[in-house]
Structures are given as C-alpha cells and as structure tokens.
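Peer 1: One predicted model, sequence on top.
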Amino acid sequence: MTPETEEAAALAGAPRAAVGNSGAPLLRLEAWEGPLDLLLELARAQRVNLARLSVTDLATQFAAVLDAAIARRAVPLSRLADWLVMAAWLLALRARLLLPAGPAESAAAEREAADLRRRLADRAAARRLADWLERRPQLGREVFARGLAEPEATAEPAADVTELLRACLRLLEVPVRERVWRPRPPLLWRAPEALARLRALLPGLPAGAALEQLLPPMPAGAGAALWRRSALASTLLAGLELSRDGAVTLEQESPFGEVILDPVSADRRP
C-alpha cells in the first residue's frame, strides 16, 4: 500500500471530528489543508486562490479517500455521493481557470464586478447615513414639538403723541366722584324697623295673631319676593326680641309651621 493510500484510509476511517462539520474528508494540498466542503464554499465565494491548487493532487487524494471509504464500508452511500458532487464542482471551478476567458465573458464579468462594487458602495453610504440619522436628536426623545408658530407682528400705524396726551388730559379732568362706583343696595325690611312696627301694633294686637299677618305692605315690582323674605325674617327677629323682654309669646305647633304670636298683659310681664 502506497503512502497516499494509507493516508486516505486513515482519513476515511477517522472519527467525525477529523472529517469536518458535515463529514467531508480532509484534504492536504499545497495551498490548502482542511475539509472538502469548506474549500468548495470558499472557492465559490472567491475567498481562496484556486490557481494555487494542483488538479492532479486534488483528484489523487480524493480518489484515494473515496476508494478507502468504499473498501471499508464505513461511510454511507449518500455521503459518498455528496463528496463526489463537491469534488466535481471544485474541479469544474479549477478547470475554468485553465481556459482562456472570452472577451464577451470578460466584459460581462467586469460589468458584474462593477455593479457589485457599486451596490457595496451604496450599502456603505446608506449605513453611514443611517448612523448619521441615529446620532441626530430624535423628536419626542431629545427634542419635543410645540404648537403653531407665533403670528408675525403686523405693522401698526404710529400713534399721534399729541392726541394721546390730550386724551389723557381729558381723563384727568373727570371729577373723582364720577369715577367711583357705589352699588345701590336693595330696599329691604330691616330688624329695627320690624321691632318698631311690632311695638306700635302691640297695644291692639289680638291673641293668636299669625306672624305673617303682621308684615308691612309689600311694594310692587321685581324685588317683591326678596323684600317679603327679608320682612318675614326681620319680623321673626323682632318677635323673638319681644319674647325675650316678656311682651309676647311665640308658639309653633309643627316644624316649619305657622308662628303664632300672643301678647302678654302688662300685669303678667316680669
């Protein structure tokens, strides 16, 4: 058995860790040492120089690995087929470098390369623009919106200073009494007036007189209701004052009922 055959048998019978992540065999070429699938992937991405790979060494090593794997029956047939497809693609890519490139193919390749470079440049420019936008102040985070802009000031005609001073003098000439506002209180029936009226009616006051019958005549007008309420309250206060003096007695049979006023004779007063 030749040294190449022994090495291929060792690679085919090695554990999975020795043949790459996908189970592809390891190749030891002049410019490459590693699994076959990784070499094919790098060749498709133009990340490895295929011109430095020897077609003879590649075919010899792969054939030796394949024969050893078939002889030992340690690798499934489906995986051997995958290896064969990988090796065929790799040999096809390597063989293209041996053929002279045509003018049309070269021009198409150059256009494709130029288009790829342009797209890469556009992508880099878009990325720089996105970074620049990201660094700018963001609305609602670093800066905040406001309402509508203030209206521009319109040009107003210049005022006449002389007329302004004359208007100020006319205001200063107004008497002070005309500038003071004095409210006019409503005409209400007050407690002193109600007390004087009850004392005047007391000598001829009958027994059991209702308090509302002792109210003075109500004036006509819009304030009649307010005047009546004030007269009723003032007359009640006056009756309470006379009751405190012992001149009359007040009675009310039910809450919010009619108030009855009875005069007290002079000999019974305290």
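Peer 2: That came through, no problem.
Peer 1: where does the stretch 1-150 of the chain dip in pLDDT?
Peer 2: Counting by pLDDT under 70, the stretch 1-150 of the chain has low-confidence residues at 1-22, 99-103, 105-106, 149-150.
Peer 1: In the chain, mark out all the helices, start to finish.
Peer 2: Counting by DSSP state H, one finds helices in the chain at the ranges 3-12, 36-44, 55-72, 77-96, 103-135, 161-172, 176-179, 191-201, 224-245.
Peer 1: Just the CA atoms of the second one, as CSV, please.
Peer 2: The one in question is helix 36-44. The C-alpha trace of helix 36-44 is given here as CSV (Å, rounded to 0.1, in the frame of the first residue of the first chain):
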residue,chain,number,x,y,z
LEU,A,36,-13.6,19.5,1.2
ASP,A,37,-16.9,21.3,1.8
LEU,A,38,-15.2,24.3,3.3
LEU,A,39,-12.8,24.5,0.4
LEU,A,40,-15.7,24.4,-2.1
GLU,A,41,-17.6,27.1,-0.1
LEU,A,42,-14.6,29.4,-0.1
ALA,A,43,-13.9,28.8,-3.8
ARG,A,44,-17.5,29.8,-4.6
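Peer 1: circling back to that earlier point, now mean neighbour count too, for the helices of the chain, in CSV please.
Peer 2: Where C-beta positions appear, they are placed from N, C-alpha and C, glycine not excepted. Shown next, in CSV, are the helices of the chain (neighbours: other C-beta atoms under 10 Å):
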stretch, mean neighbour count
helix 3-12, 16
helix 36-44, 18
helix 55-72, 17
helix 77-96, 14
helix 103-135, 10
helix 161-172, 9
helix 176-179, 7
helix 191-201, 16
helix 224-245, 16
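Peer 1: would you turn these into a markdown table with distance to Pro263?
Peer 2: Formatted as a markdown table, these follow (distance: least, C-beta to C-beta, whole Å):
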| stretch | distance to Pro263 |
| --- | --- |
| helix 3-12 | 139 |
| helix 36-44 | 126 |
| helix 55-72 | 140 |
| helix 77-96 | 131 |
| helix 103-135 | 99 |
| helix 161-172 | 62 |
| helix 176-179 | 49 |
| helix 191-201 | 9 |
| helix 224-245 | 9 |
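Peer 1: and Gln252, which of these is closest to it?
Peer 2: helix 224-245 (10.5 Å; C-beta to C-beta).
Peer 1: Could you list every helix and strand in contact with that closest one?
Peer 2: helix 191-201, strand 248-252, strand 259-263 (3 or more C-beta pairs under 8 Å, 6 or more residues apart in numbering; DSSP states H and E).
Peer 1: if you average pLDDT over the first one, what comes out?
Peer 2: The one in question is helix 191-201. For helix 191-201, mean pLDDT is 88.
Peer 1: and it, what other elements does it pack with?
Peer 2: If you count contacts as 3+ C-beta pairs under 8 Å, 6+ apart, helix 191-201 packs onto helix 224-245.
Peer 1: now the helix it packs on, how far from the centre of its chain.
Peer 2: Averaged C-alpha coordinates place helix 224-245 at 65 Å from its chain's average position (C-alpha atoms, centre = their mean, to the nearest Å).
Peer 1: Can you report how many residues lie near Pro263?
Peer 2: The tally of other residues near Pro263 (other C-beta atoms under 10 Å) stands at 19.
Peer 1: mind listing what the nearest residue in space to it that is not next to it in sequence touches?
Peer 2: Closest residue in space to Pro263, ignoring its immediate chain neighbours: Leu205 at 4.7 Å, by C-beta to C-beta, 6 or more residues apart in numbering. Neighbouring residues of Leu205 by C-beta atoms under 8 Å, 6 or more residues apart in numbering: 214, 248, 261, 263.
Peer 1: that older thread, can I get the helices and strands packed on helix 224-245 in a markdown table with distance to Pro219?
Peer 2: Listed next are the helices and strands packed on helix 224-245 as a markdown table, based on distance: least, C-beta to C-beta, whole Å:
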| stretch | distance to Pro219 |
| --- | --- |
| helix 191-201 | 14 |
| strand 248-252 | 27 |
| strand 259-263 | 23 |
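Peer 1: about what we covered before: can you say which two of the contacts of Leu205 are spatially most distant?
Peer 2: Leu214 and Pro263 (11.4 Å).
Peer 1: Name the member of the contacts of Leu205 with the most neighbours.
Peer 2: Counting neighbours by other C-beta under 10 Å, Leu261 leads the contacts of Leu205 with 26 neighbours.
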